[in-house]
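Enquirer: Need coordinates for the below:
(chains A and B)
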There are 2 protein chains.
Amino acid sequence: MNKQELIELIYRKKSFLCVGLDTDIKKIPKHLLDKEDPVFEFNRQIIDATIDFAVAYKPNIAFYESAGINGLLSLERTVNYLESRRDEVFLIADAKRGDIGNTSEQYAKAFLTQEGYNFDAITVSPYMGEDSVSPFLKFSDKWVIILALTSNSGANDFQLLETTNKRKVYEEVLLKSKEWGSEENIMYVVGATKAEMLQDIRKIVPEHFLLVPGVGAQGGSLEDIAKFGMNKNVGIIVNASRSIIYASDGVDFSEKARYEASLLQNEMQRLMKLYL
Amino acid sequence: MNKQELIELIYRKKSFLCVGLDTDIKKIPKHLLDKEDPVFEFNRQIIDATIDFAVAYKPNIAFYESAGINGLLSLERTVNYLESRRDEVFLIADAKRGDIGNTSEQYAKAFLTQEGYNFDAITVSPYMGEDSVSPFLKFSDKWVIILALTSNSGANDFQLLETTNKRKVYEEVLLKSKEWGSEENIMYVVGATKAEMLQDIRKIVPEHFLLVPGVGAQGGSLEDIAKFGMNKNVGIIVNASRSIIYASDGVDFSEKARYEASLLQNEMQRLMKLYL
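Expert: A predicted model of the protein is given here:
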C-alpha cells in the first residue's frame, strides 16, 4: 500500500487506529482452546469485529515465534485471512529486526515478499545504522517503520541521551535515517507516553507517518497525540493492543473488542475534524 | 552452559572459534538440493566437519525465517542434531531481538527455553533499554549477548556518536547495561573491524566475554583481536561464517570448511599461548 492509498483509507474509515495482535494463548478466552488453531480463531474474530474501525493490524511477531512452528502457522493463517481485504487494511509486522546488510535482506524477504507473509511494513531497530535498514527499502509500496522514541521505561537508557550535536540520540536517528528513504517508504515509532515531544519530532520529520504505540495499556492520551502529532495528511497511526483484544476474556470478547475499537474510532473522527 | 564450563571448553579445544551458520539455500552446494532438507543436511555436515575446532555455533535466525516454516524446521533439526553434544558446544541464536518487556519475554521463551530451540545465548539489540533486555536474563546458565559495537559500516551512524558524558553511544551501552546482569549472563558483540577499540572496551568491561564477528568476509585480524581483546579467562569468542561454510561450493565443501576451521583453531591455539 502506498502513501496516497493509506491516506485515503484513513479518510474513508475516519480512523487512524491500528489494532495490535499481541495474541497470547494464555490470555485468550477459554472457550476457544478446543478450536484447531485457537490463536488464529481469536485473531479472525477480532479482525471481523474491529475491521470497520481500524485501518491497520499489527501482529507482534514475538507472540507467534514463542509458540514455535504452530505459532508461525497461526500468523500465516492470520495474514492469509486478510488477503482478500488488503485494500481495507495496512498490515504491519512488528518484528523490530535489524542486522548487517546481507542478513537484513533475508528479514526483508521474509516479511515483505514471502508468500503468506506479505506485510506492508515492518518495524526495524536503528542501532546498526544505514546498511541494516536500507535492504528493507527496496520494495515498492512497502514500508520500514524505524524505532525512534519508544514508549517503554528503557527508552530513557539510550534514546534520550544527549549528543555533542545538542540532540538526543532518537533525534539523531530521525535526522539521519530520513535521508535513507523518503516519507513514501519510512515511518517512525514514537511512544505515546511522550506526546508533547511529538512537537519536536514534527520539526525534524514533518511529512512522515508516525506509528504511535502506547494508547491504552501503556498509557498516553489520544487527544495529545493528535494535537501534537498530526500533520496535514493525518500522518499518524495509533496502535492499541491489549485494551482492545483483551477487553473481555469471556464469550463476548469480540463484541467488547468491537466496542473498544468503536470508541477509539469515534474519538479519532472527532480529532480529525478538530485538527485537520 | 555457565561461564566456568565455557572457559573449560575453550581450554579443552584450544579454540575460541564460533562458526556462524548463515546458511542460504542459494549458496549451498548443488548436490545437496535433492536431499529432503538441504539446509539441515548442509549444517549437519558443516558441524561434523568443524566441531573438533569450534566451541560455538551461531545460526543466523534471519536465514531460516526467510525460508518460512521449512526454514524454521531446518533450524530446529540443526539445534536437535547438536542436542547430544551440548557439553561440546555453546549455542548462540543470532536473532538481534529486543522489544518492550512483555514482548521480550516471549522472545526469551522462544529461544532459550522452547523445546527444540534450547539455545545457550541470544543476541539482543540495546536500543530499547533495560526492560527490553532484562527478560532474557532470568534463566540460569543462559546468556544475553548485547550489541555494543557492530562490524558493519552503519555502526558509524549511531553507535559512534559522542554523548555529552564524553562517551560514545556504544560505551554508554556497555557502561549502563553491565549493571543489568553480570559477566555470568551478559556478553557483548564487538566488531572485529575495530580491534584497537577493544582496549577501550576492556576498560569498561574487563571480565565479560566478547563475541567478535567479522573475521573473514567482514575483515579483521585475529592477532589484533586476541592482543587487544583477551582477558585472563580468554574472554573472547570469535565468529567466522562465510569464510568457513562457503569455503567451497563443491562436493568437498565440508572438507574445505574443516580445513578453514582448523587454520583458525591453530592460530587461536598459538595466540592463547602467546597472550595467556
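Enquirer: the longest helix in chain A is where?
Expert: Of all segments of type helix in chain A, defined using DSSP state H, the longest is helix A:253-275.
Enquirer: quick one: contacts of it?
Expert: Surrounding helix A:253-275, the residues in contact under the criterion Cβ atoms under 8 Å, 6 or more residues apart in numbering or on different chains are A:13-17, A:19, A:28-29, A:42, A:45-46, A:48-50, A:52-54, A:215, A:222-223, A:226-227, A:230, A:234, A:238, A:240, A:243-248. Quick note: C-beta positions are derived from backbone N, CA and C, even for glycine.
Enquirer: hey, C-alpha coordinates of that helix in CSV?
Expert: Extracted C-alpha coordinates of helix A:253-275, given in CSV (Å, rounded to 0.1, in the frame of the first residue of the first chain):
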residue,chain,number,x,y,z
PHE,A,253,-14.6,-10.9,23.7
SER,A,254,-15.1,-9.9,20.1
GLU,A,255,-18.2,-7.8,21.0
LYS,A,256,-16.2,-6.0,23.7
ALA,A,257,-13.3,-5.6,21.3
ARG,A,258,-15.6,-4.1,18.7
TYR,A,259,-17.0,-1.7,21.3
GLU,A,260,-13.5,-0.5,22.4
ALA,A,261,-12.4,-0.1,18.8
SER,A,262,-15.5,1.9,18.1
LEU,A,263,-14.9,4.3,21.0
LEU,A,264,-11.4,5.0,19.7
GLN,A,265,-12.6,5.4,16.1
ASN,A,266,-15.2,7.8,17.3
GLU,A,267,-12.7,9.9,19.2
MET,A,268,-10.4,9.8,16.2
GLN,A,269,-13.1,11.0,13.9
ARG,A,270,-13.7,13.9,16.3
LEU,A,271,-10.0,14.7,16.4
MET,A,272,-9.7,14.6,12.6
LYS,A,273,-12.4,17.2,12.4
LEU,A,274,-10.9,19.3,15.1
TYR,A,275,-7.3,19.4,13.8
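Enquirer: Any figure for the gap between residue A:75 and residue A:61?
Expert: Here the criterion is Cβ to Cβ, to the nearest Å. By it, residue A:75 lies 7 Å from residue A:61.
Enquirer: neighbour count winner among these two?
Expert: Each of residue A:75 and residue A:61 has its neighbours counted (other Cβ atoms under 10 Å in any protein chain shown); residue A:61 has more, 30 against 25.
Enquirer: which parts of the stretch 151-276 of chain A sit against chain B?
Expert: Residues of the stretch 151-276 of chain A lying close to chain B (Cβ under 8 Å from any Cβ of the partner chain) are A:151-159, A:161-165, A:169, A:172-173, A:176-177, A:218.
Enquirer: Pull out the buried residues from the residues you listed.
Expert: A:151-152, A:154-155, A:157-159, A:161, A:163, A:169, A:172-173, A:176-177, A:218 (16 or more other Cβ atoms under 10 Å in any protein chain shown).
Enquirer: which of those has the weakest pLDDT?
Expert: For those, the model is least confident at residue A:218; its pLDDT is 52.
Enquirer: Tell me where chain A has strands.
Expert: Here chain A has its strands, by DSSP state E, at A:17-21, A:56-59, A:90-97, A:121-124, A:143-149, A:186-190, A:209-212, A:236-240.
Enquirer: Alright, that wraps it up for me.
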